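1. coordinates only, sequence not included:
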């Protein structure tokens, strides 16, 4: 069987499938275990293990459903919350080095939207690398898992209604490669690279969604893009993660102030006062509304202020980080920093059942590629839990299914996909615009017209712009072996398909709910407490209720 994407979800899926005696090929377009979102995550993993205070998965589920604004797939949300503790303890046995408190119990903190302290961590800046490293080591012990880096998958091949393999390109040699598989898991992450301002790994351009659509699967909740509210904006910060202020707020609070140095969260139904309690969609909304009202900071955000925190307290919590900030000319005891929302996570994704299987038999999904569990907004801490839980579920289900399934692959069934890939490589450099330039145009378009605040006019303009970019030939220079132009072209195709899915779903949801805010429909509509799906109709991306 084949796993496409080797971040947290993909690695966990490969491990779980190998435990079912499946022979697994684990692919990644970059380096296995070192790309994607998991390794970039700094913060926490939510699971109701009850080590810090009395807790139960049902309470975690209640908080997840509340954050999802009535749109969560409750079966998937329950799967996430009920199985989270088992994944935490399994990772612990594998050497995850969760932070410990008294009596050796795993430490947990309370994150925004959670009713109690249930978020585990390695430390407040390296949880993601710790999780990814643990999974890399575990994968290396599995004799049934073969790891292949630097392969871009361009099509899932479907024959007689079933996923039977994939076609892609070895980005080092430039060769077309084919993969026969009795089951395929898409674990290639989210889509935030389609926005100009984002916190994503550079390889998260929505490929999983585009692959699923072309294979015949449908997507769900594509209109719900989470914008992380307090990403760094100014002054200039080199060599540090733009979402680094999250751990500071966990430990030290910090005050969010508008351009007039006033607290403002209470104006929009939230609470702040130096405490980190307001959920992300609400905080992003409040910040952007202050900027819109002319009360923003000089660079178009708001201030995050730690001047009331003593230097000794700052250093005790984040000593080495304080030194790195100093090399960037930032002294938190003297000057507030500017922060603003950035595209960070996608609640929508591939529609699956509780086995993580799509409506195409043999095609599964895992991690952020999956839609439905989080509804209209995701709780802080649920992302890595989702990667671990859904990865394990997908791997176990696909591994079991592959054992009883005959191979449906032949070279002939993959030929159409191989022809499309050859055609993409044949575009002459004088025939069009460099694909990386077209990617930048798309990112600007999505940020301006499909960002945190949207209107019907903006969304229609975005769809027109997406069509115009798609109709613009992308130049590809001929090259033997490594060809960055061709990689950019292939990624652009996926980005355009995914961007259209987001814009069409956003246009179809004529209300404001969670992370989807329509200025022309500012209220939630009780009639729209239902999920919207996206699918391919011939060559067209179409949304339906």
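-> That came in fine, so what should we check first? In this text the structure is predicted, and so the values were computed from the model without any measurement.

2. in the top helix by length along the chain, what counts as buried?
-> Counting residues, the longest helix in the chain under DSSP state H turns out to be helix 484-508. Burial within helix 484-508, assessed by neighbour count using 16 or more other Cβ atoms under 10 Å, is assigned to 485-508. Where C-beta positions appear, they are placed from N, C-alpha and C, glycine not excepted.

3. just stretch 16-36 next, same as before
-> Buried residues in stretch 16-36 (16+ other Cβ under 10 Å): 16-18, 20, 22, 24-30, 32-36.

4. Endpoints of that stretch, how far apart?
-> Start-to-end span of stretch 16-36 (Cα to Cα, to the nearest Å) is 19 Å.

5. Distance from the chain centre to it, please.
-> Here stretch 16-36 is found 18 Å from its chain centre; the criterion is Cα atoms, centre = their mean, to the nearest Å.

6. can you give me the helices for this protein?
-> Counting by DSSP H, the chain has helices at residues 8-19, 57-67, 74-93, 127-140, 207-215, 245-252, 280-292, 311-327, 382-403, 415-425, 435-449, 456-471, 484-508.

7. I'd like these laid out as JSON lines, including distance to residue 183.
-> Formatted as JSON lines, the helices of the chain follow (distance: least, Cβ to Cβ, whole Å):
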{"stretch": "helix 8-19", "distance to residue 183": "8"}
{"stretch": "helix 57-67", "distance to residue 183": "28"}
{"stretch": "helix 74-93", "distance to residue 183": "19"}
{"stretch": "helix 127-140", "distance to residue 183": "18"}
{"stretch": "helix 207-215", "distance to residue 183": "13"}
{"stretch": "helix 245-252", "distance to residue 183": "36"}
{"stretch": "helix 280-292", "distance to residue 183": "34"}
{"stretch": "helix 311-327", "distance to residue 183": "43"}
{"stretch": "helix 382-403", "distance to residue 183": "4"}
{"stretch": "helix 415-425", "distance to residue 183": "18"}
{"stretch": "helix 435-449", "distance to residue 183": "32"}
{"stretch": "helix 456-471", "distance to residue 183": "31"}
{"stretch": "helix 484-508", "distance to residue 183": "22"}
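
8. any weak-confidence spans in the stretch 201-350 of the chain?
-> Scanning the stretch 201-350 of the chain with the threshold set as pLDDT under 70 gives 272-277.

9. now do 50
-> For the stretch 201-350 of the chain, no stretch is flagged by pLDDT under 50.

10. hang on, the earlier thing: now the longest helix of the chain and helix 456-471, what's the angle there?
-> Helix 484-508 runs at 150 degrees relative to helix 456-471, counting by axes from the mean of the first three to the mean of the last three Cα atoms, to 10 degrees.

11. tell me the mean pLDDT for helix 484-508?
-> Taken as a whole, helix 484-508 carries a mean pLDDT of 96.

12. do the same with stretch 535-545
-> Mean per-residue pLDDT for stretch 535-545: 94.

13. How about residues contacting that stretch?
-> Stretch 535-545 has contacts (Cβ atoms under 8 Å, 6 or more residues apart in numbering) with 213-214, 216-219, 222, 497, 500-501, 504-505, 507-508, 530, 532-534.

14. and with 10 Å instead?
-> Contact partners of stretch 535-545, identified using Cβ atoms under 10 Å, 6 or more residues apart in numbering, comprise 210, 212-219, 222-223, 351, 359, 463, 466, 496-509, 528, 530-534.

15. okay, now the domains of the protein?
-> Here the domain assignment for the chain is 2-41+68-98+129-224+347-403, 230-341, 426-523, based on automatic domain parsing.

16. out of those domains, deepest packed?
-> Highest mean neighbour count among the domains of the chain (mean count of other Cβ atoms under 10 Å): domain 2-41+68-98+129-224+347-403, with a mean of 24.

17. now that one, how far from the chain's geometric center?
-> Its chain's C-alpha centre and that of domain 2-41+68-98+129-224+347-403 lie 11 Å apart, by Cα atoms, centre = their mean.

18. Just give the number of residues close to residue 50.
-> The number of residues packed near residue 50 is 18, by other Cβ atoms under 10 Å.

19. what does the one 3 residues further on give?
-> A total of 10 residues lie near residue 53 under the criterion other Cβ under 10 Å.

20. quick one: contacts for it?
-> Contacts of residue 53 by Cβ under 10 Å, 6+ apart are 108, 110, 116-118.

21. most neighbours, which of the residues you listed?
-> Most neighbours among these, by other Cβ under 10 Å: residue 118, with 31 neighbours.

22. you'd agree it is up against residue 49?
-> Yes: contact criterion Cβ atoms under 10 Å: residue 118 and residue 49 qualify, at 7.4 Å.
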